[in-house]
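*Asks:* starting from these lines, generate the structure:
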Amino acid sequence: MTAIQGFINKHRLLLIILAAFLTVLALMLFARLPGMINSEPENTTVEEENGVYALTDITDWKAAVTLPPGSAYYPNVLLTPETAGFATPVSTDEFAALRADYLSQRFVVELPDNSDVYTLTFNLSGRHAMLVYVNGELVGQSGQPGTTKQDTEVWENNLTCYASPIDGKMDIILQSAQFYHYRSGAQLATLSIQNTASAPSGGLTDETKGFLVMGAFVCAAALLLFIYLLLSHTKATLYFALACLAMALRECIQSQAWVDFSFLSGNSSFLLEYLSVVLLTIFLSLYLGQYIKGRFLRAVQYTAIIGSLIYGLCVLFGDSVFYTSILIYYQILLVLCIVPGISGLIWTMRNPIKEQSAAIYGIAVFFLAAVSDILLYNNVFGDQHPKTPISESAMLIFVWAQTVSLFLMNNRVLAEATEKEQKLAAEKEALETLNRLKTEFLGNVSHELKTPLTVMSGYAQTTKQLAERPGELDGGEVSRRMKLISSEAERLSLMVGQILDVTRMEEGRMAMEKRSCHMDEIIHGAVETHYPMLNKNQNRLKIQIEPGLPAVSADPMRISQVIVNLISNAVRFTSNGLITISTKLEDGRIVICVADNGTGISPDRLSHIFERYYHKEKSGGGQDTGTGLGLYICKHIVEQHGGTIWMESEEGKGTSVFFTLPTAAVNTESC
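*Replies:* Okay, the predicted model is just below:
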């Protein structure tokens, strides 16, 4: 199974192209096999003899009888039953030399002398305006034939009507007009006649098939627009939805289903037939742009789009003769863009992801079907087989494959969007939490800054009162009060320093001036300087320094700050207890520990203890700096020295904080 999966992954593009080729082959066989198996033509062809089509000997009317154009016709004449005896016909041998934008044909048909109803179908190359008289009566009309372009409205390329013979004869007059195509005017029609009673029940008509295919395209477009508007605003989805609408428009016109829409005129449908090709090319080019990589493919895409826009303007604002005359150049441009563009696109996607595999399959099916139809109409497969195109079926497969691809892409985009949304929600929650903590922090700091200021102000005022009474001045009391003022000032300085340090840390401005120092000097210096503040709550302070410790590489001021912060925290939560500062050498590093036997910390709070602005509980003694920044700063300083810091605690038994520092090199400058 692993080997098979590996083979599929390695040769995925080849397998996709092979699947597309087999699909096109199946479509060809399905569409053309009946005609290839049955070598006998289904219809009977009867030629004109002496101006009459004799059908009296035909007994089997299950198949239609085809009547090709007769030996004469009436160029630039709209023949009517009243004028039929006065007009002069012209030999059809001169048809190629005489261009006529409107003409008339006459079919005189001999039939069995009965009252059967016959189906008459006139087939022309290209859209025409047609009008049919049978035995002097108007029996059918498609559009409006006229002698000028302004008077003519083209409609369909075939017309079906019904009539019965009179005395075994039908005198049929067909008027046809075509002013819209540069290459040829009105064409000669072929008449197909069939006994309505004997005709087998047919399948779906071209119009019905057109409605079904058009409905499939419209449904695909509606589904994709729903996805685009409500789920994901990916442009590729919008472009392909618009391409599906362009396909629906083209199918509606080509299948002649448009005749059931009363608001659409024949001349408008002629314009829309050409415009639908332009819209389809533009939207498909924009859709396929999502897979384009490289300047060459991008240039091909822009060329196809710009060329289509120019031709579209010609269709919208130019005369029909003009835009049909330059159609060949537009088709050449599309071939020059499609062949290298699709080939390059498939090569670019030679290592496709899941959604691209479906897209490549659909593109390859449509491309191979188009090539097959081109070869078919150029008689590469021979001219004895019916020319049944498969592009329509291939287009449905193309739409289905691209829709699957877009579903997969939109699912991926939605999953990524959901993931980003969840990430943003988490970040938002974190920012809201941080903002709340900052608000609490500012409130705590305001309160805690006020406390030492109040103490300092109170002792300063009472000391001033003592100084104003010289006879009662007690030097010992003044000294005690001044020590308390100094202690509160040191406490205030510590809080302000912590706030400034956090600002420096966030801005990357906290510099470390490392030197070779000894921990015993740093510890004793910190304790001596800050002893008034640290000697609180009637605790005992014990220092245990392992003898012979090597020097450390550190900034003495910053490490002293760490020591003071840790001792201050120990003092806050210890009353009438013992606070121990110890150092030792372990695994080539100096390990410093500040331990107490105070209240301890709960396990759920222990994991957050080094976070910025994390709310710390106050001690009963009230010796809290209140900023919630001390341990956060300690962690940053230690890590900047290349060390680590951690805490061990148990509720009711005390807390121990450890941090490590690297030893100094021999030639490092001494403190």
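
*Asks:* each with direction, which strands does the longest strand seen in the chain pair with?
*Replies:* If you go by DSSP state E, the chain has its longest strand at strand 118-134. Each strand paired with strand 118-134, and its direction, by DSSP bridges: strand 137-142 (antiparallel), strand 156-163 (antiparallel), strand 169-177 (antiparallel), strand 190-195 (antiparallel).

*Asks:* which one of these lies nearest to residue 88?
*Replies:* Nearest to residue 88 among those is strand 169-177; the distance by Cβ to Cβ comes to 15.0 Å. Where you see a C-beta, it was placed from the backbone N, CA and C, and this is true even at glycine.

*Asks:* in that closest one, what counts as buried?
*Replies:* Residues of strand 169-177 classed as buried by neighbour count (16 or more other Cβ atoms under 10 Å): 170-177.

*Asks:* mind putting those residues into TSV with pLDDT and distance to residue 99?
*Replies:* TSV is the format used below for the buried residues of strand 169-177 (pLDDT from 0 to 100; distance: Cβ to Cβ, whole Å):
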residue	pLDDT	distance to residue 99
170	94	29
171	94	27
172	95	24
173	96	21
174	96	18
175	95	17
176	95	14
177	94	13
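
*Asks:* so which of those is the closest to residue 78?
*Replies:* residue 175 (4.9 Å).

*Asks:* beta-bridge partners for the closest one, please?
*Replies:* Going by DSSP bridges, residue 175 forms beta bridges with residue 104, residue 131.

*Asks:* is it true that residue 244 touches residue 225?
*Replies:* No - with contact defined as Cβ atoms under 8 Å, residue 244 and residue 225 do not form a contacting pair (9.1 Å).

*Asks:* so which of these two has more stuff around it?
*Replies:* residue 244 (26 against 17; other Cβ atoms under 10 Å).

*Asks:* could you measure from the more buried one over to residue 414?
*Replies:* 21 Å (Cβ to Cβ, to the nearest Å).

*Asks:* again with residue 110
*Replies:* Residue 110 is 71 Å from residue 414, by Cβ to Cβ.

*Asks:* same thing with residue 312?
*Replies:* 34 Å.

*Asks:* between those two, which one's more packed in?
*Replies:* Higher neighbour count among residue 312 and residue 414: residue 312, with 19 against 15, using other Cβ under 10 Å.

*Asks:* how about that one: what's its closest non-neighbour residue?
*Replies:* residue 278 (4.0 Å; Cβ to Cβ, 6 or more residues apart in numbering).

*Asks:* can you count the residues close to residue 13?
*Replies:* 18.

*Asks:* quick check, pLDDT for the residue lying closest to it once chain neighbours are set aside.
*Replies:* Spatially, and ignoring its direct neighbours in sequence, residue 13 is nearest to residue 350 (4.6 Å; Cβ to Cβ, 6+ apart). For residue 350, the pLDDT comes out at 71.

*Asks:* same check, this time on the one 3 residues further on
*Replies:* For residue 353, the pLDDT comes out at 72.

*Asks:* quick one, phi/psi of it?
*Replies:* Reported as degrees, to the nearest 10, the phi and psi values for residue 353 are phi -80, psi 180.

*Asks:* got the contact list for it?
*Replies:* Contact analysis of residue 353 by Cβ atoms under 8 Å, 6 or more residues apart in numbering lists nothing.

*Asks:* could you pull up phi and psi at the residue nearest to the spatial centre of the chain?
*Replies:* When the chain is reduced to its mean C-alpha position, the closest residue under Cα atoms, centre = their mean turns out to be residue 234, at 3.7 Å. With angles defined as degrees, to the nearest 10, residue 234 sits at phi -90, psi 130.

*Asks:* now do the one 3 residues further on
*Replies:* The phi/psi pair for residue 237 (degrees, to the nearest 10) reads phi -60, psi -40.

*Asks:* mind checking the SS state of the nearest residue to it once chain neighbours are set aside?
*Replies:* The shortest distance from residue 237 to any non-neighbouring residue, by Cβ to Cβ, 6+ apart, is to residue 228 (4.4 Å). With DSSP: H, G, I helix; E, B strand; the rest coil as the basis, residue 228 sits in helix.

*Asks:* still on that earlier bit, tell me the mean pLDDT over the longest strand of the chain?
*Replies:* pLDDT averaged over strand 118-134 gives 92.

*Asks:* again, but for stretch 644-657
*Replies:* pLDDT averaged over stretch 644-657 gives 92.

*Asks:* now do it: everything it contacts.
*Replies:* For stretch 644-657, using Cβ under 8 Å, 6+ apart, the contacting residues are 566, 569-570, 573-574, 577, 593-602, 606, 609-610, 634-635, 638-639, 658-660.
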